[in-house]
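A predicted structure for the sequence below; I have some questions about it.
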Amino acid sequence: MAAVALTAAYDAGRKDGVTSTAPVTAAKTVFQGGMLVWDGAGGVEPLVGGSAAQPASFAGVARSGAIGGGDSTSPNQLAYVGLVRIERRGVFYFNTADAAPVLGEVVFGITDNYVSSVAGATSIKVGTVVDIPGDGTLGVQIDLAVV
């Protein structure tokens, strides 16, 4: 199909894009507050470092938890059907062991709740440091438009 330029007004529609939902990969468990990656088949799974098979596309932060395939014991409808709500923009606090973090530096997801300014072979860029509370966490600005 050839690219077509507009010849009249067009309503492209708009969604906020700050949150979305996605199915959890089978046999995976997502916990609320964990960083997620796309699995390459339209689902999400926890960001797990140290795995060469880890998908390299950051999805966002889980705002609900769920089990791949669904959790029949959960009263939460999303969890019951195996869907997770994903937050794609904002400042989130994750654990770190960086000795001297710097405001404005890029950080990489090492696990679903751990970031570092040092990229590993299988880590994924997730955002920028915007707050250093001094309690072993970093405030990370996530904005998937620029990550």
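Great, that's in hand.

tally of neighbours for residue 6?
7 (other C-beta atoms under 10 Å). C-beta coordinates here come from the backbone N, C-alpha and C atoms, glycine included.

could you name the specific helix or strand carrying it?
For residue 6, there is no enclosing helix or strand under DSSP states H and E.

what's the spacing between the residue nearest to residue 95 when sequence neighbours are not counted and residue 77?
Excluding the flanking residues, the one nearest residue 95 by C-beta to C-beta, 6 or more residues apart in numbering is residue 114, at 5.0 Å. Distance of residue 114 to residue 77, given as C-beta to C-beta, to the nearest Å: 30 Å.

more neighbours, these two?
residue 114 (18 against 9).

out of the helices and strands in the protein, which is least certain?
helix 77-80 (a mean of 84; mean pLDDT, DSSP states H and E).

strands of the protein, start to end?
19-23, 29-30, 35-38, 44-46, 58-62, 66-67, 83-87, 89-95, 106-111, 114-116, 124-131, 137-143 (DSSP state E).

what angle separates the longest one from strand 58-62?
On the basis of axes from the mean of the first three to the mean of the last three C-alpha atoms, to 10 degrees, strand 124-131 is oriented at 50 degrees to strand 58-62.

give me the buried stretch members for strand 124-131, please.
Within strand 124-131, the residues scored as buried using 16 or more other C-beta atoms under 10 Å are 124, 126, 127, 128, 129.

pull the most distant pair out of those.
124 and 129 (15.7 Å; C-beta to C-beta).
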